[in-house]
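A.B. asks: coords please:
(one chain, ligands or ions: 2)
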Amino acid sequence: MLPEVASWLRRRTSTAGDWPPHALLAAKGAARISVVLPARDEEATVGAIVAAIRADLVERIPLVDEIVVVDSRSTDRTAAVAAAAGAGVVAQDAVLPGHGRMSGKGEALWKSLAATSGDLLVFVDADLRGFTSSYVTGLLGPLLADPSVGYVKGCYDRPLVEGGRPVEGGGGRVTELVARPLINLHWPLLAGVMQPLGGEYAGRRALLERLPFVTGYGVELGLLLDVFQDSGLDAIAQVDLGRRVHAHQSTEALGEMSGQIMLTAWSRLERHGRMVPLGAPSTALTQFRRAPGGHDTRTSDVGVGERPPMIEVPAYAAARSFTPGRG
Ligand SMILES: O=c1ccn([C@@H]2O[C@H](COP(=O)(O)OP(=O)(O)O)[C@@H](O)[C@H]2O)c(=O)[nH]1
Ligand SMILES: O=C(O)[C@@H](COP(=O)(O)O)O[C@H]1O[C@H](CO)[C@@H](O)[C@H](O)[C@H]1O
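C.D. replies: Ligands and ions are numbered 1, 2, ... in the order given. Sure, this is the predicted structure:
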């Protein structure tokens, strides 16, 4: 792990418990706070998430100024359930209608900027199970405490829950198999971001509104790379939110997501001038495991070598020329 990454991890990683709600309320001042949930067919879970945020962070203490669910072309009762729980609901395609209809989660989040008024925005997926409002207070902590922080990512244990049984560490499949290796390869200074694709994150409007939003599932990687490019590593913080359980997509669907992630990485490599000349890639891969009091890191070398065409090996070529019948 690069020393800059180790230093960043020490300085910019905290836990949700480090940010108690009453302290945040004192630090809030005149800042307005919006919580945004992008939701496509999330009638089963969106209501409980909205209700928890409302009860804890609107009614009990007036920390959050608005909760907005962006209905992303749902075909179920997502909008009605969200409204009944106390959220404002906007239809993705009804926001900035003159700008056409693009698709996916990134479109929903881009439109949310035009449908909210907060100086700080907190993004929470609408398919979470076991959500607690400490996700929101944890993400707000570094933003309210330190003006030099512009963007905060959540990190958490991510079990893969199938058939009701959790496989610890099995979740975040596209993160572990695609995004983390890509980031370590081309953006090694971001290797300390434990959940680069995590759907819970927060940022300052003044930063988010000057960045492009990749549509579809490229939005998280796109924003992380663009924040890094725009404001540098120290503008990013991460907060350990504990554990995250959400609805899982099929391997086939995650294959599409992986394609979107790789195309997003490709676009940033080209745009940020990392394609030419392609510098020597980093061969170090840093992975994270939950450990008492935080996380253990494991850095391995994923460098690969290369053998020449066998035909160019003299001993092989000599032996081959005498082997009958091998044309
Ligand atoms: O076109 C879309 C796709 C997804 N989502 C929402 O974005 C969040 C994350 O999407 P999903 O659960 O499909 O991704 P996963 O967590 O499985 O990677 C969820 O709240 C979805 O309802 C959305 O608003 N529009
Ligand atoms: O992190 C991941 O690998 C994917 C898939 O997670 P699982 O393997 O279903 O736990 O989930 C995330 O990726 C999406 C793309 O960035 C985000 O939009 C989701 O919010 C996030 O859950």
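
A.B. asks: Quick check: phi and psi at the residue nearest to residue 300 when sequence neighbours are not counted.
C.D. replies: Counting by Cβ to Cβ, 6 or more residues apart in numbering, residue 285 is the residue found nearest to residue 300 once chain neighbours are left out, at 5.4 Å. Yep, even glycine has a C-beta here, placed from its N, CA and C like the rest. When read as degrees, to the nearest 10, the backbone of residue 285 gives phi -120, psi 120.

A.B. asks: again, but for the one 4 residues further on
C.D. replies: Residue 289 has phi and psi values of phi -130, psi 140 when expressed as degrees, to the nearest 10.

A.B. asks: Report the beta-bridge partner residues of it.
C.D. replies: residue 296 (DSSP bridges).

A.B. asks: roughly how far apart are it and residue 155?
C.D. replies: 12 Å (Cβ to Cβ, to the nearest Å).

A.B. asks: And those two? Which one has more around it.
C.D. replies: The residue with more neighbours, out of residue 289 and residue 155, is residue 155; 23 against 10, by other Cβ atoms under 10 Å.

A.B. asks: I'd say the more buried one and residue 242 touch.
C.D. replies: No. Contact criterion Cβ atoms under 8 Å: residue 155 and residue 242 do not qualify, at 9.3 Å.

A.B. asks: what about the helices in the stretch 1-150 of the chain?
C.D. replies: 3-12, 21-28, 46-54, 78-84, 105-114, 134-145 (DSSP state H, counting those that start in this stretch).

A.B. asks: Next, the angle helix 134-145 makes with the third one.
C.D. replies: Using axes from the mean of the first three to the mean of the last three Cα atoms, to 10 degrees, the direction of helix 46-54 lies 40 degrees away from that of helix 134-145.

A.B. asks: rewinding a little: next one: the residue nearest to residue 300 relative to residue 250, how far apart?
C.D. replies: 26 Å.

A.B. asks: ok, for the residue in the stretch 151-300 of the chain positioned nearest to ligand 2, nearest residue in space, not its chain neighbours?
C.D. replies: Nearest residue of the stretch 151-300 of the chain to ligand 2, counting by Cβ to the nearest ligand atom: residue 199, 2.4 Å away. Leaving out its chain neighbours, the residue that sits closest to residue 199 by Cβ to Cβ, 6+ apart is residue 125, at 3.7 Å.
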